[in-house]
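Q: Here is my input; please provide its structure:
(2 chains)
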Amino acid sequence: MKAYFLRVWQTISRPSVHYSLGFLTLGGFIAGIIFWGGFNTALEVSNTEQFCISCHEMRDNPYDELKTTIHFSNRSGVRATCPDCHVPHEWTDKIARKMQASKEVWGKVFGTISTREKFLEKRRELAEHEWARLKANDSLECRNCHDFSYMDFTTQSVRAAKQHSTSLASGEKTCIDCHKGIAHHLPDMEGVSGW
Amino acid sequence: MKFAKVMLVPMLVLCFAAVAEEIATLRNNTAIDEDVNPEYIPKATNDDIKQARNYPMQPPLIPHSVRGYEVNLNVNKCMSCHARSRTNDSQAPMVSVTHYMDRDGNFLAEISARRYFCNQCHVPQLSTEPKVANDFVDMHTIMSDKAAKPKGQ
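A: Purely as a prediction, here's the structure:
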């Protein structure tokens, strides 16, 4: 084993015998483009709604529930897809989230939520993860579209305007504190503060 | 006899047609293979202004939109504002104390199961004209009318 690693090290630490410097630098550059492009393309493919609902767990549960909400169908026709709310848009945060999502591959392989019953059983835990994430990042995924600076309080209902201009403006509350369950059904809310 | 049989068939058809016309109110007698343009769907009133009750026992109307409010085994969205413990934060009116009583009059910590489904009695309103006229007159109007009448009539 040690001899094998030693041989590899000797090979890569010596100058190339057969290939020119130009071939190696250009080849490395092109291979880099192909690798990085491929990586990013795969990343973006995994960041589409089509990808999410290609599994029955997501298609039959959260996606089905989303369909009746305002984030799916509304007067202006702008809609949110799964990754808009569940994956950060910034690159480093996105990669961090994608690494976390490897747990979901585990879940898929072992059928953690493979039936409606299992999903309902686990809904509170899954929801709590999302609430915690949005609470921690000050509802970043909401704010990717809903920018506080451009809210027109005059077109909001009196109650909404009051709460947005006080609790939300002061940073005391963030979107998810009040707007839980806007895109999917709620779990048993026993013991959740504010319910 | 044969004549009677011949007459019976069209008469029966006519009878069914008459019955069908009476029943088909929602579709307004549109043929089954036809589509009509649905009527405009009015907006829910969302001004948070309390409306007077027509009689003392009337369940108060909901002066706001309740789109997407879940009231089920897991959660009661209405109670996240109207529960006793939530009214400080929400400034919403607390549900009446009767809603915390079971049928024997014992007070419970949480809303009573028999009052759980808010929409059974409380309904939001739409900004539109009523489809059916209502000639309900409340007690005060009756009393003031009576008082206005000269005695002996």
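Q: For chain A, which residues are neighbours of chain B?
A: Residues of chain A lying near chain B by C-beta under 8 Å from any C-beta of the partner chain: A:68-70, A:157-159, A:181-182, A:185-189, A:194-195. The C-beta positions use only the backbone N, C-alpha and C, and glycine is treated the same way.
Q: go again using 10 Å as the cut-off
A: A:68-70, A:120, A:123-124, A:156-160, A:162-163, A:167, A:178, A:180-183, A:185-190, A:192, A:194-195 (C-beta under 10 Å from any C-beta of the partner chain).
Q: Just the buried ones from those residues?
A: A:69, A:123-124, A:159-160, A:163, A:178, A:180-183, A:185-187, A:189, A:192, A:195 (16 or more other C-beta atoms under 10 Å in any protein chain shown).
Q: Contacts made by stretch A:88-100 with the rest, please.
A: Residues outside stretch A:88-100 that contact it (C-beta atoms under 10 Å, 6 or more residues apart in numbering or on different chains): A:40, A:43, A:46-47, A:83, A:86-87, A:104, A:129, A:133, A:137, A:140-141, A:144.
Q: And that stretch, what's buried?
A: In stretch A:88-100, counting by 16+ other C-beta under 10 Å, buried: A:88, A:97.
Q: Extract the C-alpha set from it and format it as CSV.
A: Only the C-alpha atoms of stretch A:88-100 are listed here, as CSV (Å, rounded to 0.1, in the frame of the first residue of the first chain):
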residue,chain,number,x,y,z
PRO,A,88,-30.7,29.4,-0.5
HIS,A,89,-29.9,31.4,-3.7
GLU,A,90,-26.3,32.4,-2.6
TRP,A,91,-23.7,29.9,-3.8
THR,A,92,-21.9,29.0,-0.5
ASP,A,93,-25.2,28.7,1.3
LYS,A,94,-26.6,26.7,-1.5
ILE,A,95,-23.7,24.2,-1.4
ALA,A,96,-24.1,23.9,2.3
ARG,A,97,-27.8,23.1,1.9
LYS,A,98,-27.0,20.6,-0.8
MET,A,99,-24.6,18.8,1.4
GLN,A,100,-27.3,18.7,4.1
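Q: Could I get the average pLDDT for that stretch?
A: The average pLDDT for stretch A:88-100 rounds to 89.
Q: now do stretch A:30-39
A: The average pLDDT for stretch A:30-39 rounds to 95.
Q: Just the CA trace of that stretch, in PDB.
A: In PDB, the C-alpha atoms belonging to stretch A:30-39 read as follows (Å, rounded to 0.1, in the frame of the first residue of the first chain):
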ATOM      1  CA  ILE A  30     -10.500  22.600 -20.900                       C
ATOM      2  CA  ALA A  31     -11.000  19.700 -18.500                       C
ATOM      3  CA  GLY A  32     -11.600  22.200 -15.800                       C
ATOM      4  CA  ILE A  33     -14.300  24.000 -17.800                       C
ATOM      5  CA  ILE A  34     -16.000  20.700 -18.600                       C
ATOM      6  CA  PHE A  35     -15.800  19.500 -15.000                       C
ATOM      7  CA  TRP A  36     -17.100  22.800 -13.500                       C
ATOM      8  CA  GLY A  37     -19.700  23.200 -16.200                       C
ATOM      9  CA  GLY A  38     -20.900  19.700 -15.600                       C
ATOM     10  CA  PHE A  39     -21.000  20.200 -11.900                       C
END
